[in-house]
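*Asks:* Take a look and give me a structure for this.
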Amino acid sequence: MTQLAFSIDSTRFDEDYRPLGTTRITTNFANLARGENRLQNLRSTFTMIDDRINELVHGGSDDGDRYSVELDIVSVSVDVDGKGLRDAVPLIEVLQTTIVDRLSGERIEGIVGNNFSSYVRDYDFSIVLPAHSADPSADGLPPGFGELHGNLFKSFLHSEAYSQRFTKAPVICLSVSSSKTYSRTDNQHPILGVEYRQSAYSLTDAYFEKMGLRVRFFMPPNSVAPLAFYHLGDLLHDYTDLELAATISTMETFQKIYRPEIYNAHSAAGETYQPSLTNPSFSTTSIVYDREERSRLAIEQGRFAEEHFMKPYKTTLEDWSAEFAVQSADLKGARS
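*Replies:* Just a heads-up that it's a prediction; the model follows:
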């Protein structure tokens, strides 16, 4: 079987961060750190994150600034049988949170994941899916849609590179889908907030399911809309309140910047809720963000993945993915 080797690099996301030439510009952090407003964008973002974590945990200091969140960009690359792909195409990028307790001086490892970006995902959604949808004879999703990406992600989670670096499974926190309806439940968590149930699976939910991730929806205290939490284990018990608060404060801040119509709306989600990007009643932040550019660049980066990863190693990757799926199924059957 073809052997995949994963490598991890990390870059501190702070006021001095500038995207490298190989960075996916569509990622939240890279988009904020460009242009003449980059420094003010970053400072305002970090202030919002710190203010939110202290609001969530009610940490103890009189002025409410006990905790601060530090962020590292984690870039994952894959090498196929020593072919040197590490220098060609990074596979995914996520964020790692670290909570700094200013009162005790302690640094606490937070959750890895949070934001999620992927070249192969760009390829699937920006190249494969539109081409399939444009075919009048095609129906449903492209055959095997998301399977290679899912297997690559699961292989990374089981890799030595992951286990040496991270102690817990990832949690990815995204916006809810504007095409779905959400219903409030009686379940409530002190940090995650009120749980919502979704009317039906979204395409994103199905795609992440192929990565081995389940989804739950919670609206944290003093929020106006639920967030989608994609996870592996027990979301409510595998992570501390402080770890969850750092993820919420980070990703809710990003969503207020990128989707203010939903996450900076003037009214909060009720018993039944359908998000809308055409909602006229919301406030914007002072942080500059170009949504149109992000959509355009996703297509460019999907083409980059196609040229440098998908086409050159098509047969190798297909064979590896099929073998990995069989091995995973055999292992799952042995455990059941």
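
*Asks:* Can you give me the neighbour number for residue 208?
*Replies:* A count of nearby residues for residue 208, using other C-beta atoms under 10 Å, gives 25. Using the backbone N, CA and C atoms, a C-beta is placed for each residue, glycine as well.

*Asks:* Would you check that it makes contact with residue 171?
*Replies:* No. Taking contacts as C-beta atoms under 8 Å, residue 208 lies outside contact range of residue 171: 11.5 Å.

*Asks:* what's near enough to touch residue 108?
*Replies:* By C-beta atoms under 8 Å, 6 or more residues apart in numbering, the contact list for residue 108 reads 98-101, 242-243.

*Asks:* Ramachandran angles for the closest residue to residue 178 other than its chain neighbours?
*Replies:* Excluding the flanking residues, the one nearest residue 178 by C-beta to C-beta, 6 or more residues apart in numbering is residue 275, at 4.6 Å. Main-chain dihedrals, residue 275, degrees, to the nearest 10: phi -60, psi 150.

*Asks:* Need the residues touching each of residue 208 and residue 171.
*Replies:* Both residue 208 and residue 171 are contacted by residue 230, under the criterion C-beta under 8 Å, 6+ apart.

*Asks:* Report the separation between residue 116 and residue 173.
*Replies:* 9 Å (C-beta to C-beta, to the nearest Å).

*Asks:* list residues touching both of these two?
*Replies:* Listed contacts common to residue 116 and residue 173 are residue 230; contacts here mean C-beta under 8 Å, 6+ apart.

*Asks:* With neighbour numbers in mind, choose between those two.
*Replies:* Counted by other C-beta under 10 Å, residue 116 and residue 173 do not tie: residue 173 has more neighbours, with 24 against 21.

*Asks:* burial of the closest residue to the more buried one other than its chain neighbours, as a residue count?
*Replies:* Spatial nearest neighbour of residue 173, excluding adjacent residues (C-beta to C-beta, 6+ apart): residue 251 at 3.9 Å. Look at residue 251: counted by other C-beta under 10 Å, it has 26 neighbours.

*Asks:* doesn't residue 251 fall inside a strand?
*Replies:* No. Assignment of residue 251 by DSSP: H, G, I helix; E, B strand; the rest coil gives helix, placing it outside any strand.

*Asks:* for the protein, longest helix please?
*Replies:* Identified as the longest helix of the chain according to DSSP state H is helix 314-335.

*Asks:* name the helices or strands packed onto that helix?
*Replies:* Judged by 3 or more C-beta pairs under 8 Å, 6 or more residues apart in numbering; DSSP states H and E, helix 314-335 is in contact with strand 67-80, helix 147-157.

*Asks:* so which of those gets nearest residue 271?
*Replies:* Residue 271 lies closest to strand 67-80 among the helices and strands packed on helix 314-335, at 31.9 Å (C-beta to C-beta).

*Asks:* Run the angle between that closest one and helix 147-157 for me.
*Replies:* Interaxial angle, strand 67-80 versus helix 147-157 (axes from the mean of the first three to the mean of the last three C-alpha atoms, to 10 degrees): 110 degrees.

*Asks:* pLDDT on strand 67-80, on average?
*Replies:* The pLDDT scores in strand 67-80 average 92.

*Asks:* Just give me how far that strand sits from the chain centre.
*Replies:* Offset of strand 67-80 from its chain centre (C-alpha atoms, centre = their mean, to the nearest Å): 12 Å.

*Asks:* ok, then the element right after it?
*Replies:* With elements assigned by DSSP states H and E, the helix or strand that comes after strand 67-80 is strand 90-101.

*Asks:* and whatever helix or strand comes next after that next one, which residues are buried?
*Replies:* For strand 90-101, the following helix or strand on the C-terminal side (DSSP H and E) is strand 107-118. Applying a neighbour-count criterion of 16 or more other C-beta atoms under 10 Å, the buried positions in strand 107-118 are 110-118.

*Asks:* what mean pLDDT does strand 107-118 have?
*Replies:* So the average pLDDT for strand 107-118 ends up being 94.

*Asks:* Just the strands from this structure, written as ranges.
*Replies:* 4-13, 67-80, 90-101, 107-118, 171-175, 182-189, 193-198, 214-219, 227-231, 272-273 (DSSP state E).

*Asks:* and the longest one, what other elements does it pack with?
*Replies:* In this case it means strand 67-80. Secondary-structure packing of strand 67-80 (3+ C-beta pairs under 8 Å, 6+ apart): strand 4-13, helix 38-57, strand 90-101, helix 147-157, helix 241-258, helix 314-335.
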